[in-house]
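S.K.: coords below, sequence missing:
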């Protein structure tokens, strides 16, 4: 199982926090059972959001191939010196 990315952790955590606050404020519940139901549903929603964040694709690294042509042979030093006619 792959590790969660930073984006997944951030989106999931933010979803849990904001959905819990929104549901608690909208429902105006004061019972422990209602609070527990809201907390569990917020955790499930956060998990759903975290799992649907797109995974980064693996990077493709291009491998360099050696040149198809053979390496040039060094030219001897005697052949490169210019000869002047005397």
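M.R.: Looks like it arrived, so ask away. Keep in mind the model is a prediction, meaning the values are calculated, not measured.

S.K.: Could you check how many residues crowd around residue 58?
M.R.: 6 (other C-beta atoms under 10 Å). Bear in mind the C-beta positions are built from the backbone N, C-alpha and C, glycine included.

S.K.: hmm, I was thinking of residue 42
M.R.: Around residue 42 there are 20 residues (other C-beta under 10 Å).

S.K.: Quick one, grab the pLDDT at the closest residue to it other than its chain neighbours.
M.R.: Nearest residue to residue 42, sequence neighbours excluded (C-beta to C-beta, 6 or more residues apart in numbering): residue 20, at 4.1 Å. Residue 20 is assigned a predicted lDDT (pLDDT) of 93.

S.K.: In which helix or strand does residue 20 reside?
M.R.: Using DSSP states H and E, residue 20 maps to helix 6-27.

S.K.: Show the contacting residues for the closest residue to residue 13 other than its chain neighbours.
M.R.: Spatial nearest neighbour of residue 13, chain neighbours left out: residue 46 (6.9 Å); criterion: C-beta to C-beta, 6+ apart. Applying C-beta atoms under 8 Å, 6 or more residues apart in numbering, we find residue 46 in contact with 12, 13, 15, 16, 19.

S.K.: The third one reaches residue 41, doesn't it?
M.R.: What it means is residue 15. No: the criterion here is C-beta atoms under 8 Å, and residue 15 misses it with residue 41 at 11.4 Å.

S.K.: Compare neighbour counts for those two and give me the winner.
M.R.: Ranked by neighbour count (other C-beta under 10 Å), residue 15 and residue 41 place residue 15 first, with 18 against 13.

S.K.: who touches the more buried one in this structure?
M.R.: Contacts of residue 15 by C-beta under 8 Å, 6+ apart are 42, 45, 46, 49, 50.

S.K.: Check which residues of the helix or strand in which residue 34 is found are buried.
M.R.: Here residue 34, judged by DSSP H and E, is contained in helix 32-52. Judged by neighbour count (16 or more other C-beta atoms under 10 Å), helix 32-52 contains these buried residues: 38, 42, 45, 46, 49, 50.
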